[in-house]
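Peer 1: make a model of this:
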Amino acid sequence: MTKILSTTIASLIIFCCLLSFSDSSENNAHQKKVQNQRPNIILFMADDFGYDLPSYTGNETFQTPYLDFMAANGMQFTNCYSHPDGYPSRLALQTGKYNHNNYTFWGKLPYGEKTLGNLLQDAGYATMYLGRWSFDGGDTMIHKAGFEDYLVTIPYAENDDVDDTYRHLYKDPWLYANGYVDTPSYIGQYSEDLYYQKFEKFVDSNGQKPFFVMYANNLPREPLVPSPLHPDYAGFDVDTAIDFKNNSFFPSMITYLDNTVGKVIHKLEDEGIAENTIIIFLGDNGTDRSRKFVYRGNNVNGRKNQTYKLGIQAPLTIYWPGSISKASVCNELISYTDFVPTISEIVGFPIPPSYGTIHGNSFYHNLFNLEGTNREWNYIYWDNSPNDLKQPIRFIHDPIYKLYKDTFGVKTYYKIDTDKREESPLLPESLTPEQVVKFNRFEFVIDSLWAARYQ
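Peer 2: Alright, predicted model coming up:
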């Protein structure tokens, strides 16, 4: 009996090893195939566009047929999480690091910090940045961040909410290129059209070199002004307008954003490069709280700047025809720090040691249903005041539990799968053994990350 049992165990071990080898071989073969394609990458980041806005996630007020097309013909992610507002999300996405490691001042990319632009430029890609910059430093910093060409708004942090810059975000835009703002050239035009025209020229002139476009749309953030689809567009004077929060303009802004995604898809098809181009779409944070709409049968408003689910859940969709299975869904946790290692793996270019510690976890394997390690938890450090007047918020969560622990040690614990608005904290004396284990694990992770933040 003992001999039979030993033989059985040995056979199981050999089988598991062969299975592991087979999975590893499959992953490596698939990765080599993808890397040999040297795919182009377009990363859309829409401003103030939460998980509750596209119609494919359940919005019943707005229609987003091209985003729906991406989801139906690519992969949608149900558990991708941003920060509660834009700049911290953008910093995490570009650098692959938690904000406690490299956040210095609001709207600043720390000098010497490496970005997705640097990574893909180092990998031999042509690079371009379109739309909202928000990292300060103008022309010098844009180039240092690895972007060879650009057309942006808000080139300096202090421009973010300056009245004239705000007014001219869309119509008669104040756009920055080649180191200066050329306002006369753009009178009578719409910023999102100019970004697309720049994109078209970039694709047309690029030849055979793979490219990366960071397409950081202004839409659909405030100011709310009519898009060219709206009947009030022609007569709308941005210099004399008083009301920039007119929600009646918002639907046309959503449609215009969606149409821009559609134009990009059609351009790639017309050029015969759609199957060698990855399109990634996501928002930078939750929907603005002044926006009201019907979502999954309920009258709701946006949740930007709030830390519970719809304030940080992002509508991530990835479309790569011929490579990613149609109508596929990933329910695994995704952090904005995960894009750097994922894109590194897609293009087959290892992250150089000079980039420093990367906190992200690649979700490359999820795109192709391969074996891989999924993220167990998502961690957020949010310095929630541009003027540094408030205590930063720190929290960690998985799909079921969430722990807040501030830098003074105050802790609050929730069961977020049932308490989605975080209204009923779990009391220490009422925790189940399972909840205690998870609490201790979460607290250990927060403390460990905080202790290693300057390493």
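
Peer 1: quick one: low-confidence parts of this protein?
Peer 2: Residue ranges of the chain with pLDDT under 70: 1-36, 158-162, 386-388, 455.

Peer 1: quick one, domains of it?
Peer 2: Taking automatic domain parsing as the reference, the chain has its domains at 39-376, 391-451.

Peer 1: contacting residues for residue 68?
Peer 2: Applying C-beta atoms under 8 Å, 6 or more residues apart in numbering to residue 68 gives the contacts 54-56. Placement of C-beta: from N, CA and C, glycine included.

Peer 1: any chance of those in a markdown table, with secondary structure and neighbour count too?
Peer 2: As requested, the contacts of residue 68 are exported to a markdown table (DSSP: H, G, I helix; E, B strand; the rest coil; neighbours: other C-beta atoms under 10 Å):
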| residue | secondary structure | neighbour count |
| --- | --- | --- |
| 54 | coil | 28 |
| 55 | helix | 17 |
| 56 | helix | 16 |
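
Peer 1: nearest to residue 336, of the residues you listed?
Peer 2: The closest of the contacts of residue 68 to residue 336 turns out to be residue 54 (C-beta to C-beta; 18.2 Å).

Peer 1: for the closest residue to residue 167 other than its chain neighbours, what are its contacts?
Peer 2: In this structure, residue 167 finds its nearest non-sequential neighbour in residue 238, 4.7 Å apart by C-beta to C-beta, 6 or more residues apart in numbering. The contact partners of residue 238, by C-beta under 8 Å, 6+ apart, come to 167-168, 170-172, 225.

Peer 1: most neighbours, which of those?
Peer 2: residue 170 (27 neighbours; other C-beta atoms under 10 Å).

Peer 1: that one and residue 186, how far apart?
Peer 2: Distance from residue 170 to residue 186, counting by C-beta to C-beta, to the nearest Å: 11 Å.

Peer 1: now do residue 240
Peer 2: 18 Å.

Peer 1: more neighbours: those two, which one.
Peer 2: Neighbour count, other C-beta under 10 Å: between residue 240 and residue 186, residue 186 has more, with 18 against 7.

Peer 1: how close does that one sit to residue 174?
Peer 2: As judged by C-beta to C-beta, residue 186 and residue 174 stand 7 Å apart.

Peer 1: do the same with residue 56
Peer 2: As defined by C-beta to C-beta, residue 56 lies at a distance of 34 Å from residue 174.

Peer 1: same question for residue 226.
Peer 2: 18 Å.

Peer 1: now do residue 366
Peer 2: 40 Å.

Peer 1: got it, and residue 241?
Peer 2: Here the criterion is C-beta to C-beta. By it, residue 241 lies 15 Å from residue 174.

Peer 1: more crowded one of those two?
Peer 2: Using other C-beta under 10 Å as the criterion, residue 241 and residue 174 rank with residue 174 on top: 20 against 13.

Peer 1: list the contacts for the more buried one?
Peer 2: Residue 174 is in contact with 153, 164-165, 168, 181, 183, 186, counting by C-beta under 8 Å, 6+ apart.

Peer 1: please pick the buried ones from those residues.
Peer 2: 153, 165, 168, 181, 186 (16 or more other C-beta atoms under 10 Å).

Peer 1: find the nearest non-adjacent residue to the last one, please.
Peer 2: Of all residues beyond its chain neighbours, the one nearest residue 186 is residue 173 (5.1 Å), with distances taken as C-beta to C-beta, 6+ apart.

Peer 1: I'd like the contacts of residue 238 laid out as TSV, including distance to residue 404 and secondary structure.
Peer 2: Formatted as TSV, the contacts of residue 238 follow (distance: C-beta to C-beta, whole Å; DSSP: H, G, I helix; E, B strand; the rest coil):
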residue	distance to residue 404	secondary structure
167	38	helix
168	39	coil
170	37	coil
171	42	strand
172	44	coil
225	37	coil
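
Peer 1: turn those residues into CSV, columns for distance to residue 330.
Peer 2: Listed next are those as CSV, based on distance: C-beta to C-beta, whole Å:
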residue, distance to residue 330
167, 40
168, 39
170, 33
171, 38
172, 41
225, 36
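
Peer 1: out of the residues you listed, flag the one nearest to residue 395.
Peer 2: Nearest to residue 395 among the contacts of residue 238: residue 170, at 34.3 Å, using C-beta to C-beta.

Peer 1: the closest one: what's it in contact with?
Peer 2: Applying C-beta under 8 Å, 6+ apart, the residues near residue 170 are 190-192, 218-219, 223, 225, 227, 238.

Peer 1: what does residue 116 give?
Peer 2: Residues near residue 116 by C-beta under 8 Å, 6+ apart: 43, 93-94, 146, 212, 214, 339-340, 343.

Peer 1: could you rerun that using 10 Å?
Peer 2: By C-beta atoms under 10 Å, 6 or more residues apart in numbering, residue 116 lies in contact with 41, 43, 93-96, 127, 145-147, 212, 214, 339-340, 343-344.

Peer 1: swap in residue 260?
Peer 2: Contacts of residue 260 were listed using C-beta under 10 Å, 6+ apart, and they are 44, 46, 66, 192-193, 195-196, 199, 215, 217, 219.

Peer 1: now with 6 Å?
Peer 2: Going by C-beta atoms under 6 Å, 6 or more residues apart in numbering, residue 260 touches 192, 196.

Peer 1: right, and the helix or strand after the helix or strand hosting it?
Peer 2: Assessed by DSSP states H and E, residue 260 sits inside helix 250-270. Toward the C-terminus, helix 250-270 is succeeded by strand 277-283 as the next helix or strand (DSSP H and E).

Peer 1: ok, residues contacting that following strand?
Peer 2: For strand 277-283, the surrounding residues in contact (C-beta under 6 Å, 6+ apart) are 39-44, 46, 49-50, 268, 314-320.

Peer 1: this protein: helices as residue ranges?
Peer 2: Assigned by DSSP state H, the chain shows helices spanning 2-37, 65-73, 86-95, 99-102, 116-122, 138-144, 163-167, 191-205, 250-270, 309-312, 339-347, 364-367, 433-451.

Peer 1: circling back to that earlier point, nearest to residue 332 among the contacts of residue 238?
Peer 2: Proximity of the contacts of residue 238 to residue 332 (C-beta to C-beta) peaks at residue 170, which lies at 36.0 Å.

Peer 1: phi and psi next, for that closest one.
Peer 2: Dihedral angles of residue 170 (phi, psi; degrees, to the nearest 10) stand at phi -120, psi -80.

Peer 1: for the nearest residue in space to residue 251 that is not next to it in sequence, phi and psi?
Peer 2: With sequence-adjacent residues excluded and distances taken as C-beta to C-beta, 6+ apart, residue 251 is closest to residue 62, at 5.9 Å. Dihedral angles of residue 62 (phi, psi; degrees, to the nearest 10) stand at phi -110, psi 150.

Peer 1: any chance of the domains of the chain in JSON lines, plus distance to residue 383?
Peer 2: What follows is these, written out as JSON lines (distance: least, C-beta to C-beta, whole Å):
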{"stretch": "domain 39-376", "distance to residue 383": "5"}
{"stretch": "domain 391-451", "distance to residue 383": "5"}
